[in-house]
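K.L.:
Sequence and computational prediction follow.
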Amino acid sequence: MQAGNPETLPNDYYLSNFHSLAGFVQKNYRDILSDAENNWYAQLCASPIAAQQLYIRLLTRKRSSFRLSKLSYPEIPALTQASSALSHANLAVCKPSACLQDLLAAYTKPEIIQLLALDLSAGTPRVDLVESVLGAEPCAREENVLKLQQADDWVTICDHQHWTVFTLCFFGNLYQSSTEFVLRDIGSVKYETYPIYPATRAFSSRVQLDAHLGYFECEALFDTIDARRQDQLIGLVRQLPEPVCGDRHLARRLDRLRNRVARQLERIGCSDKALELFEASSHPPARERQVRIHMKHGRLAQAQLIVSAMTDEPFNDAEGVIANRLLLKLNKEQGLKAPRRKQFRPDTTTLVLKASTFRVELAARSFYSRQGCCFYTENALVNSVLGLFIWDIIFYPVKGAFFNPFQSAPADFYETEFSDKRSNLLNLRFVELNDPLRFRDRILQAYSEHHGKSNPLVRWGRISEELLLLAVAHIPAIHWQVMFNRLLRDPRENTTGFPDLILFRENGYEFIEIKGPGDTLQQNQRLWMQHFADHGIPCRVVNIRWGSHLAASSA
């Protein structure tokens, strides 16, 4: 399939995409798929093409039961025969749902009023109409079910749960879907090509696969329960799967959901239960919330122990900052004299500009463009240069890093082990920073060779060859290295917070963070500026003030 316009896709593009995904999963996961899951796919493959097309068309829709008269697919002219074939293969049943709410969802409001002979005006909201029908007496509800069932021919799809398993096996998550095939085929998203080996599959055992399935079920449940009820929140937690040894992805997912539930318990006043959950989590903000709960209840000694652990070994830079703030608050609560810490204050100036309809960053860029080449890059420049510089290392076939062709990054990219597993490659690559020509050539080659491909660091729409050439020429190698080191230390947190503008003058460069009236520095911005100050990287904050005429003060 050539990348191009959506019109180039054949009518049954979804059929080949489905089999690409399902065939890949059965080939690589047959040993941990259940007999029912393997048989499901075998039955579908053995069905007539039209039946396969109908099944796949309906499989990803929100409902299970469909009225045949409302289905229209040009490539499937004989819907009745296709649905009968699916019924014969036990993949569907040619009868409607017995659930009144499901049946109502298949009809329009005027159809419901007519079929059920309701004495309601056309202006009645649909939600009120449905509530009225569902709230009728049992005998009336049974009669309405029969009327809606008999008003059309139906097909009800079976075994959605098997497709969920196949999707999870293929992508390693349930956020992506077969839409990825379409986006690739029409050229909307381009992925890097990398080898995929059976030994690097996302899940190595059924226990591990079931644990991830359980997590996603609980995540979906969190959005449906009454979050104001302690019993429902605790009931959800009890359904969380047990962690699997060595599975860092599952551990992070479980901690993330556990933290969400704990925070909600805290909000509704169930501090003790919330504390139990936060204590079971190793990911932020678990320790911060424990400290705050202990402090709220006057348990300052327990809070002190946790803050000390956070200070000694912070999970990341952000938690280290929070630990220092909590320590100051704790000392104040205990009447202790806090150790004097020199608070970091970035260089700050003020610039008065003529009132403009442009965004404040763009207005400032226009002003500073008089002093040199100024670009509005925010988080794009340094991230992108690193992404281009280590492109082949990011997509190096480390075991377990790649298990499907739709990954923008290796599976461990946001883990601390990403740099550890590739330390030799990264160390060798960073030597090239000492050779400006070699560094420049590698950046430009990657920019040309991979332009438009998905990369977790590269922001294609915000960089250009002109910008890259200026950046490589003006920013010293040691500055690149200290920025790259901090990025790789925690890619999840440290890819944001860069200043808005970069200004290239004849004799150097400068990062500039623009703040409009009332705007203040965010924590991630302050952390980067602290890092810049510690390593002599030129950076300042410019506070914009609007005036009636163009003037500049300390700019």
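P.N.:
Received, thanks.
K.L.:
what residue is smack in the middle of this protein?
P.N.:
residue 175 (7.8 Å; C-alpha atoms, centre = their mean).
K.L.:
Surely that residue forms part of a helix?
P.N.:
No: Residue 175: not assigned to a helix; according to DSSP: H, G, I helix; E, B strand; the rest coil it is coil.
K.L.:
which residue sits closest to residue 364, ignoring its sequence neighbours?
P.N.:
Excluding the flanking residues, the one nearest residue 364 by C-beta to C-beta, 6 or more residues apart in numbering is residue 514, at 4.7 Å. Every residue, glycine included, has its C-beta placed from N, CA and C.
K.L.:
correction: residue 450
P.N.:
Leaving aside its sequence neighbours, residue 450 sits nearest to residue 391 (C-beta to C-beta, 6+ apart; 6.0 Å).
K.L.:
where's the one you found relative to residue 489, distance?
P.N.:
Residue 391 is 19 Å from residue 489, where distance means C-beta to C-beta, to the nearest Å.
K.L.:
which residues of the stretch 201-350 of the chain fall in helices?
P.N.:
Ranges of helices in the stretch 201-350 of the chain, per DSSP state H, counting those that start in this stretch, are 206-222, 230-238, 248-267, 271-279, 286-296, 300-312, 317-333.
K.L.:
other SSEs contacting the fifth one?
P.N.:
Going back to what we said before, that points to helix 286-296. Contact here means 3 or more C-beta pairs under 8 Å, 6 or more residues apart in numbering; DSSP states H and E; on that basis helix 286-296 packs against helix 248-267, helix 271-279, helix 300-312, helix 317-333.
K.L.:
returning to that earlier point: now do the residue nearest to the centre of the chain against residue 376, distance only.
P.N.:
Taken as C-beta to C-beta, the span from residue 175 to residue 376 is 30 Å.
K.L.:
Return, as residue ranges, the portions of the chain with sub-threshold pLDDT.
P.N.:
Applying pLDDT under 70 to the chain flags residues 1-7, 338-341, 548-555.
K.L.:
any idea how it splits into domains?
P.N.:
Domain assignment of the chain by automatic domain parsing yields the ranges 6-169, 201-333, 348-547.
K.L.:
I'd like to know which of those is closest to residue 188.
P.N.:
Residue 188 sits nearest to domain 6-169 of all the domains of the chain, at 9.1 Å, using C-beta to C-beta.
K.L.:
about what we covered before: could the helices of the stretch 201-350 of the chain go into JSON lines alongside distance to residue 473 and mean neighbour count?
P.N.:
Output for the helices of the stretch 201-350 of the chain, formatted as JSON lines (distance: least, C-beta to C-beta, whole Å; neighbours: other C-beta atoms under 10 Å):
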{"stretch": "helix 206-222", "distance to residue 473": "47", "mean neighbour count": "17"}
{"stretch": "helix 230-238", "distance to residue 473": "55", "mean neighbour count": "15"}
{"stretch": "helix 248-267", "distance to residue 473": "40", "mean neighbour count": "19"}
{"stretch": "helix 271-279", "distance to residue 473": "49", "mean neighbour count": "19"}
{"stretch": "helix 286-296", "distance to residue 473": "43", "mean neighbour count": "20"}
{"stretch": "helix 300-312", "distance to residue 473": "41", "mean neighbour count": "17"}
{"stretch": "helix 317-333", "distance to residue 473": "30", "mean neighbour count": "18"}
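K.L.:
okay if I get those helices as JSON lines plus distance to residue 161?
P.N.:
Output for the helices of the stretch 201-350 of the chain, formatted as JSON lines (distance: least, C-beta to C-beta, whole Å):
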{"stretch": "helix 206-222", "distance to residue 161": "9"}
{"stretch": "helix 230-238", "distance to residue 161": "20"}
{"stretch": "helix 248-267", "distance to residue 161": "20"}
{"stretch": "helix 271-279", "distance to residue 161": "28"}
{"stretch": "helix 286-296", "distance to residue 161": "32"}
{"stretch": "helix 300-312", "distance to residue 161": "41"}
{"stretch": "helix 317-333", "distance to residue 161": "39"}
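K.L.:
Thanks again, I'm all set now.
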